[in-house]
Structures are given as structure tokens and as C-alpha cells.
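[1] Quick one: sequence plus predicted model below, questions after.
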Amino acid sequence: MSVNRQRIVFLLIIILILAVISGIFVFPKWLGAKYRPWRLGLDLVGGSHLIYDVDVSKVDSKDRDSVLSGLRDVIEKRINLFGVSEPRITSAKESGSYRLIVELAGIKDVAQAVQQIGLTPLLDFREVIQKPSQSPTSTMLKDENIDFAPTALTGRYVESAQLDIDQITGATQVAIKFNDEGAKIFEDLTAKNITKPLAIFLDNNLISAPTVKEKISGGKAVISGNFSLDEARQLVQRFNAGALPAPINLVSQQTIGASLGQDSLKRALYAGLIGTILIIVFLLFYYKKYGIFASVALLIYIVLTAAIFKLFVVMSLAGIAGFILSIGMAVDANILVFERVKEEIKKGLKEAQAIEEGFKRAWASIRDSNISTIITSVILYEFTSSFVKGFALTLLIGVLVSMFSAITITKTFLRAFVKR
């Protein structure tokens with residue numbers, strides 16, 4: 001056996017071993033579910049669909065997109081802290097109002113998830129504006145005596161928080177640290193308000209108004225108030241989960257059952273199975289021997305792609321649709337190659353030479369068609385939301401794996417079993 005032949009056989013063995021491992025990982029419940037269960041979307045397993053209205057009235061128009069992005073990050077982190085994995089959070093603008101849409105797949109205790117999202121603290125610092133004949137000391141900060149002017153410094157800039165004890169009074173307090181951007185805002189704010197109180201509001205409630213003695217650099221501040229130890233500890237946990245950069249209000253809550261999704265899943269899988277069988281029948285009938293190799297490569301493609309989806313993707317009905325579509329597209333490359341091989345054989349080339357030439361000449365068309373699909377998938381994923389993203393992601397992965405399947409797997413089978 002030549003060195004080149006040994007390499008082909010070795011590659012074929014590697015492909016088969018990888019396909020077997022992927023099949024064991026994907027299909028058997030006793031093993032596949034043990035190490036990595038399928039992660040299914042809201043439309044398949046049910047769950048909760050929550051819509052929050054975001055109050056951006058006090059946020060500059062140029063900062064609203066960043067505030068919404070911060071809200072998405074904070075809420076996702078907050079949900080994950082309480083054991084809710086793979087939430088889908090998207091933003092939308094409707095009639096001038098900003099909204100966040102939160103989808104929690106498979107969540108049984110929806111009320112607890114809603115409560116935890118709502119309890120994420122809204123922290124902001126406000127300047128004290130003196131009214132006529134009043135002196136803004138920190139001991140007389142009442143609404144009828146002074147006004148509070150909102151500042152740019154909010155909880156969105158909090159990097160970390162920890163429990164602290166006042167060394168003089170022994171009172172429990174919370175020490176917070178701002179990120180670099182927040183530290184700069186805090187430094188400018190304290191420099192502007194030396195000898196004046198700086199009010200700290202938590203969930204729109206005044207909790208502290210320490211007098212600024214000097215400009216504070218480094219981005220560290222202390223929140224003091226009448227906190228019990230448990231309250232301070234809970235506050236630290238919430239700050240570390242992220243403080244909301246803008247108030248949110250739950251305006252809609254919808255619980256989605258899994259029965260409809262399961263029925264749709266069965267129909268989709270049934271349709272995919274029938275489509276795959278029809279494709280294999282067509283390949284066997286029209287391309288005979290080559291169809292056998294293409295069919296085996298197609299089955300390996302399905303197993304490998306399913307394993308990738310199980311590892312990295314939350315599957316939804318739209319994602320399954322993208323997967324099924326990619327199965328049909330995976331055959332396109334084989335058809336292009338086989339047609340080129342038939343043309344080369346008609347020109348008088350031997351079969352082994354025709355196969356090499358067929359792959360070589362078909363590659364340009366395979367490359368261009370798949371690149372156009374990849375570009376479309378990337379655009380759909382970047383500029384759409386919800387189920388369209390799932391469709392685009394699975395289609396993108398499917399196309400990438402199909403290129404490997406058509407060029408590497410099918411070619412390896414043909415090289416290994418066709419007489420040279």
C-alpha cells in the first residue's frame with residue numbers, strides 16, 4: 001500500500017470514528033442526555049414570555065442604545081445567577097417607547113424569575129440643588145427643602161461591591177467600585193460638589209447624602225444607610241449581579257405551554273426524515289455507485305452537525321428549519337461534483353482521474369454558492385432578532401459543515417473505494 005493510500009485510509013477511519021462518537025453523543029438518551037442534554041427554546045419546551053417597558057425619559061437620546069444594551073447584559077446576568085440558563089433577551093422600539101422582551105425557556109416558577117429581575121437595584125447619584133433661604137446640609141435633605149438634579153452616574157457603571165463596616169460607628173455599609181468610565185464621572189462629580197451633599201438614591205429612594213470633602217479619585221464610594229446585615233449582604237449580591245441603568249416596568253407576562261411546541265417538533269423531525277430519505281433515494285437512483293458514497297457522507301454530515309448543535313446551540317423550531325434546509329443544500333455540492341465527474345469520463349479520463357478533476361473543477365462553484373449563503377446567514381443573524389437569529393445560526397453552521405462533508409468526506413470515500 002502506497003503512502004498516499006495509507007493517508008486516505010487513515011483519514012477515512014478518523015471520519016468514521018468521529019461519526020460514531022457523534023452518533024452516540026446525539027441520539028441515545030441514556031448517554032447523550034447524561035452528559036449534555038439538548039437545550040431547547042421557548043417554542044419547544046414552553047416557559048415564560050415577559051415584556052418590560054424601559055423608562056429612558058432621563059437618558060440622553062444618544063445614550064439610549066447603550067443603556068438598552070446594558071439592561072440586556074444586566075438582566076441576563078441576573079437571571080443566570082438564579083439558575084435560569086439560556087435566556088433570550090431582545091430590545092424593541094414601539095411608538096416611541098423602548099421595550100425589553102425576555103424569554104425564559106422551561107421555567108416553572110415564573111413568579112420568582114420575574115421578582116428577581118424586578119429586584120435588581122436602580123442606583124443613581126444626584127446633585128443637591130439649594131432652594132432660596134435654605135442650606136443643603138446632609139441632615140435636612142427633604143423634598144420640600146431642596147431639589148435633586150440627576151447626574152450621569154448610575155448603577156450601570158458599578159464594577160463590583162462588597163460588604164463594609166464603618167470603623168467609627170460600626171454601622172453596616174456597602175462599598176462599591178466603579179469601572180473606568182464611572183470613576184471619571186464620579187471624580188468630576190465630587191470635584192464639582194466639594195463641601196456640598198451628594199445624594200445617593202436606590203430604587204428612587206434617598207438612602208444617603210454624604211457631604212463631599214474633596215475630589216475623590218479611583219472610582220470608589222461607600223453607601224451608608226440604616227441597613228441590617230442581611231439587607232447589606234443582599235444589596236451587595238444585587239450590585240455584583242448588575243444595577244439597572246434605567247427603570248423597567250413589567251407590562252406583559254405570557255406563559256407558553258410545551259404541548260404545541262412538542263407537536264411542531266415531531267412534525268418538523270418527521271418532515272426532515274422524509275426529506276432525507278427522498279434525497280438518498282434520488283442519489284442512489286440517479287448516481288448509482290456515487291450515490292452510495294454521497295448518501296453515507298450525507299448521514300455523517302447530519303450526525304456531525306447535530307452534535308455541534310447539541311454542544312453550542314439552543315434549538316428552536318426556526319433552528320430546526322435551518323438545519324433541514326442545510327441538509328438539502330449539503331447535497332448540492334455532491335451533485336455539482338458528480339456532474340463534473342461524468343463530463344470528465346465522457347472526455348476519456350479514467351475514473352480515478354475524473355474524480356480528482358471533477359472535485360477540482362466543481363470547487364469554484366461550490367465555494368461561491370456557499371459563500372453567498374454564509375454572507376446571507378451572517379446578515380440575518382446580525383440585523384434580526386428572535387427566531388430569525390436561530391434560523392440564521394443553524395443555517396450558517398450547516399453550510400460550513402456541508403462544505404467539509406462534500407469536499408472531504410465524499411472525496412475520501414471515493415478515493416478509498418474507487419479503483420485507481
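    Noted; the coordinates are in hand. All values reported here derive from a predicted model rather than from experimental measurement.

[2] end-to-end on stretch 37-51?
    Counting by Cα to Cα, to the nearest Å, you get 28 Å between the two ends of stretch 37-51.

[3] Report the buried residues of that stretch.
    Going by neighbour count (16 or more other Cβ atoms under 10 Å), the buried part of stretch 37-51 is 39-51. Bear in mind the C-beta positions are built from the backbone N, C-alpha and C, glycine included.

[4] Kindly report the same for stretch 309-329.
    Applying 16+ other Cβ under 10 Å to stretch 309-329 flags 309-310, 313-329 as buried.

[5] cool, stretch 268-287 as well?
    Here stretch 268-287 shows Ala268, Gly272, Thr276, Ile279, Ile280, Leu283, Tyr287 as buried, counting by 16+ other Cβ under 10 Å.

[6] Where is pLDDT lowest across those residues?
    Least confident of these in the model: Ala268, at 81.

[7] For that one, grab phi and psi.
    Backbone dihedrals for Ala268, given as degrees, to the nearest 10, come out at phi -60, psi -40.

[8] so it touches Ser316, yeah?
    No. The pair Ala268 / Ser316 is not scored as a contact, 10.3 Å apart, by Cβ atoms under 8 Å.

[9] Quick check: which ranges of the stretch 151-300 of the chain have low pLDDT?
    Within the stretch 151-300 of the chain, the segments meeting pLDDT under 70 span 224-227, 235, 237-245, 257-261.

[10] Walking through it, point out its strands one by one.
    Shown for the stretch 151-300 of the chain, the strands assigned by DSSP state E, counting those that start in this stretch span residues 158-165, 172-178, 198-202, 205-208, 220-224, 248-256.

[11] can I get these in CSV with distance to Ile107?
    As requested, those are exported to CSV (distance: least, Cβ to Cβ, whole Å):
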stretch, distance to Ile107
strand 158-165, 27
strand 172-178, 30
strand 198-202, 27
strand 205-208, 30
strand 220-224, 32
strand 248-256, 9
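
[12] Looking at stretch 73-89 now, give me its mean pLDDT.
    For stretch 73-89, mean pLDDT is 66.

[13] how far out from the middle of the chain is stretch 248-265?
    19 Å (Cα atoms, centre = their mean, to the nearest Å).

[14] Show residues contacting that stretch.
    40, 42-55, 71, 99-100, 110, 114, 117-118, 317, 320 (Cβ atoms under 8 Å, 6 or more residues apart in numbering).

[15] What about the residues you listed, which are in helices?
    Under the assignment DSSP state H, the contacts of stretch 248-265 contribute Leu42, Asp43, Leu44, Val45, Leu71, Val110, Val114, Ile117, Gly118, Leu317, Ile320 to helices.

[16] contacting residues around the nearest residue to the last one once chain neighbours are set aside?
    The one in question is Ile320. Closest residue to Ile320 apart from its sequence neighbours, by Cβ to Cβ, 6 or more residues apart in numbering: Ala268 at 4.8 Å. Going by Cβ under 8 Å, 6+ apart, Ala268 touches Leu317, Ile320, Ala321, Ile324.

[17] which one of the ones in helices among the contacts of stretch 248-265 sits closest to Val401?
    Of all those, Val401 sits closest to Ile320, with 15.5 Å by Cβ to Cβ.

[18] Tell me the spacing between the closest one and Arg72.
    Computed with Cβ to Cβ, to the nearest Å, the distance linking Ile320 and Arg72 is 25 Å.

[19] One more: Val45?
    Counting by Cβ to Cβ, the separation of Val45 from Arg72 is 22 Å.
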